[in-house]
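*Asks:* With the input below, show me the fold.
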Amino acid sequence: MTVGISSSGSSNRPKTHDVDISPAHYLQLILHRKWILITIFVSVSVVTALIAQRLPNIYTSETVILVDPQKVPESYVKATVTGDVRNRLGTLSQQILSATRLQKIIESLNLYQKERKDNMVREDIQALMRGDINVSMVTGGGAQGDLQAFKISYSSRDPRLAARVASELASLFIDENLKARERQATDTTDFLQHTLEETRKELERQEAQLRDFRLKHLGEMPEHQVANLTVLGQLQASQQREGEALSRAEQQRSYLQTMISATTPVVDMDSGDDSESRPGTAASPAKSQAPAARGAGTNASLADDRARLALLLSRYTDKYPEIQKLRQQIQEREAKEKLNAPAPVETAANPDVPVPPAPSARKKQVLVPMNSSNPVIISQIKGVEEEIAKHKEEQQRLNRLIGSYQAKLEAIPVREQQIAELVRDYEMNKTHYGQLLDKQLSAETASQLELRQKGETFKVLDPAQVPGRPAKPNRLLIDLAGSLAGLLLGVLVVLGSEMAGQTISCADHIPLWNGNQVLEIIPVILTEADRRRRRKQVIMAAASGVAATLTVGAVLFIHYR
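*Replies:* This next block holds a predicted model:
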């Protein structure tokens, strides 16, 4: 188009950005400079497609490992290996992805040959491999999100090598999990066994201490109180009986001693034929033997009764019927003896002058100590004294025993407190020992469960396969990103030239440029040469578009082939 300008003149030329311009103006500007935009767009798209095409293919192989729960219900066998599977999986990942393990895998499978040939540092190669390995978790659909499986993937330029490395990593995870569970179960069993052995020794020491204490203080334990009281009662009863027996023996001794010291008349018989013709002489032997014989028989019978009474008193109490009967019989005989005793003989003033006996008496009576030389009474007194000594000795023994049992009864409260402390510690240790024994048996069962692989295990659910297409680079995404970047770059270039104020793209810019007013706008008159030039431009633009389209199509075809 042609623009007519009036020459009003102005020396100041304002910039185009000093005036507000509508969005339609920018659209016209883009259409006016569409060839620049198209050129930049196509160039950037083609370059991006070529770069994406030259990028190496990276293949990713993955394997899915199932977390298989324990085969035996936990109500029967409780596993010693507890804890969250996520934490254990994190620990296994750190162990397997350690520098030592990765270096072994790199050397055994001959990985990263180019990097090793380029003398890359070993730590950088290990970091590179660690970046190519990915471990992701597969949670369940429940509310708690329980871990049911996890994936292990490895990326490499060689698809077969990627599958081998993924399978190797899966095997390492499974083996390390089994070893870790077995090691933890075995360590738990060993720890419990060691603790159980120490507790058993301590329990045996406490048992020996308790046994020694009971033996040292035998009879002073609280459980012996009833028996001690019973024995003490029996000893006191025995002491009372011994006292009564001692009293009876002493009475018997006194009685026998009284019998020895007592006096009784003894008949002294005179012999001679002139007893009848002379006064003061006794009767003839034939006539005087009868009264003497009767007196001697009575005295002998009374002495026998008294000896028998003494013998019975040494064995029985005063209430014994035979003793009472003998005492009554002795009293009757003594009374009868007193009644039959003759009157005392009166002596003359001169004792040397014999006094003739009474006419009615033909015998002489003399008072002599009774039984002063009776061996039976003397032997009985000796026996009673020996019996008294035995009773006294028995009383002393009983007193010692009574004192001993009373001391034991007095010591029972002290021993009860001491034994309570020992028993409390012993019972606590015994309970602890029982609990440890149950845990140790449970741990041994759980250890056998792990050794037989009946516990929680990892199983390969989906083995690693050789990938058929590369996982990256995503060439389509790269091409789209390059095309979008080329379009944005072209728009920025076009708009940048407008913002710089170096061009006049419409009639409204003329007054802003030189201050002249636009009188009229004359449309462009195309000549034949102009039409041929425009046709060439259209053909070139179409060819550029077709070339860009073919390039993008070729890239997509190669990518998805």
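
*Asks:* Tell me which stretches of the stretch 101-250 of the chain form helices.
*Replies:* Taking DSSP state H, counting those that start in this stretch, the helices of the stretch 101-250 of the chain run over residues 113-117, 122-132, 159-216, 225-261.

*Asks:* Nearest to residue 327, out of those helices?
*Replies:* helix 225-261 (10.7 Å; C-beta to C-beta). In short, each C-beta sits where N, CA and C put it, glycine included.

*Asks:* The closest one - contacts with which helices or strands?
*Replies:* Helix 225-261 sits against helix 285-313, helix 375-451, with contacts defined as 3 or more C-beta pairs under 8 Å, 6 or more residues apart in numbering; DSSP states H and E.

*Asks:* quick one: contacts for residue 96?
*Replies:* Applying C-beta atoms under 8 Å, 6 or more residues apart in numbering, one finds that residue 96 lies in contact with 169, 172-173, 176.

*Asks:* could you check the distance from it over to residue 460?
*Replies:* 15 Å (C-beta to C-beta, to the nearest Å).

*Asks:* export the helices of the stretch 101-250 of the chain to a markdown table and tack on mean pLDDT?
*Replies:* Putting these into a markdown table (pLDDT from 0 to 100) gives the following:
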| stretch | mean pLDDT |
| --- | --- |
| helix 113-117 | 86 |
| helix 122-132 | 89 |
| helix 159-216 | 87 |
| helix 225-261 | 87 |
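
*Asks:* Can you tell me which of these is nearest to residue 67?
*Replies:* helix 159-216 (9.3 Å).

*Asks:* sorry, back to before: can you tell me which of the helices and strands packed on helix 225-261 the model trusts least?
*Replies:* Least confidently modelled of the helices and strands packed on helix 225-261 is helix 285-313, at a mean of 57 by mean pLDDT.

*Asks:* C-terminal to that one, what's the next element?
*Replies:* helix 321-340 (DSSP states H and E).

*Asks:* elements contacting that next one?
*Replies:* helix 285-313.

*Asks:* picking that back up, can I get the helices of the stretch 101-250 of the chain in CSV with distance to residue 473 and mean neighbour count?
*Replies:* Formatted as CSV, the helices of the stretch 101-250 of the chain follow (distance: least, C-beta to C-beta, whole Å; neighbours: other C-beta atoms under 10 Å):
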stretch, distance to residue 473, mean neighbour count
helix 113-117, 18, 11
helix 122-132, 15, 14
helix 159-216, 15, 16
helix 225-261, 95, 15
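
*Asks:* closest one to residue 50 among these?
*Replies:* helix 113-117 (22.7 Å).

*Asks:* neighbouring contacts of the closest one?
*Replies:* By C-beta under 8 Å, 6+ apart, helix 113-117 touches 124-125, 128.

*Asks:* would you put the C-alpha positions of it in CSV?
*Replies:* C-alpha atoms of helix 113-117 as CSV (Å, rounded to 0.1, in the frame of the first residue of the first chain):
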residue,chain,number,x,y,z
GLN,A,113,32.1,-50.6,29.5
LYS,A,114,32.4,-47.3,27.7
GLU,A,115,32.6,-45.4,31.0
ARG,A,116,35.2,-47.7,32.4
LYS,A,117,37.2,-47.4,29.2
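
*Asks:* how many neighbours does residue 65 have?
*Replies:* A total of 24 residues lie near residue 65 under the criterion other C-beta atoms under 10 Å.

*Asks:* hang on, it is in a strand, isn't it?
*Replies:* Yes - under DSSP: H, G, I helix; E, B strand; the rest coil, residue 65 sits within a strand.

*Asks:* List the single closest residue to it in space, sequence neighbours excluded.
*Replies:* residue 458 (5.0 Å; C-beta to C-beta, 6 or more residues apart in numbering).

*Asks:* isn't that neighbour right up against residue 177?
*Replies:* Yes - the criterion here is C-beta atoms under 8 Å, and residue 458 meets it with residue 177 at 5.0 Å.

*Asks:* re earlier: okay, the contacts of residue 96 in CSV with distance to residue 232 next?
*Replies:* Output for those, formatted as CSV (distance: C-beta to C-beta, whole Å):
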residue, distance to residue 232
169, 85
172, 81
173, 79
176, 75
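
*Asks:* From these, pick the one nearest residue 330.
*Replies:* Closest to residue 330, out of all of the contacts of residue 96 and judged by C-beta to C-beta, is residue 176, at 114.7 Å.

*Asks:* Tell me, how many residues neighbour the residue nearest to the closest one when sequence neighbours are not counted?
*Replies:* The shortest distance from residue 176 to any non-neighbouring residue, by C-beta to C-beta, 6+ apart, is to residue 92 (5.3 Å). Close neighbours of residue 92, defined as other C-beta under 10 Å, add up to 20.

*Asks:* Test for you: state the pLDDT assigned to residue 92.
*Replies:* For residue 92, pLDDT reads 83.

*Asks:* Span of stretch 136-152 from start to end?
*Replies:* Taking C-alpha to C-alpha, to the nearest Å, the first and last residues of stretch 136-152 lie 7 Å apart.

*Asks:* State the mean pLDDT of it.
*Replies:* Rounded mean pLDDT across stretch 136-152 is 69.

*Asks:* Surely residue 44 and residue 488 touch.
*Replies:* No - using C-beta under 8 Å, residue 44 is not in contact with residue 488; the gap is 9.1 Å.

*Asks:* Please say which of those two ends up with more neighbours.
*Replies:* Per other C-beta under 10 Å, whichever of residue 44 and residue 488 has more neighbours is residue 44, with 19 against 13.

*Asks:* Relative to residue 129, how far out is the more buried one?
*Replies:* From residue 44 to residue 129 the distance is 35 Å (C-beta to C-beta).

*Asks:* before we move on, what about residue 458?
*Replies:* From residue 458 to residue 129 the distance is 22 Å (C-beta to C-beta).

*Asks:* cool, and residue 448?
*Replies:* For residue 448, the distance to residue 129 - C-beta to C-beta - is 38 Å.

*Asks:* and what of residue 526?
*Replies:* Counting by C-beta to C-beta, the gap from residue 526 to residue 129 is 66 Å.

*Asks:* got it, and residue 106?
*Replies:* Residue 106 is 6 Å from residue 129, by C-beta to C-beta.

*Asks:* list the residues that contact both of these two?
*Replies:* In contact with both residue 106 and residue 129: residue 112, using C-beta under 8 Å, 6+ apart.

*Asks:* For residue 248, give its distance to residue 238.
*Replies:* 15 Å.

*Asks:* again, but for residue 62
*Replies:* For residue 62, the distance to residue 238 - C-beta to C-beta - is 98 Å.

*Asks:* got it, and residue 414?
*Replies:* Taken as C-beta to C-beta, the span from residue 414 to residue 238 is 28 Å.

*Asks:* got it, and residue 226?
*Replies:* 19 Å.

*Asks:* next one: residue 213
*Replies:* Counting by C-beta to C-beta - residue 213 and residue 238 are separated by 31 Å.

*Asks:* again, but for residue 111
*Replies:* 102 Å.
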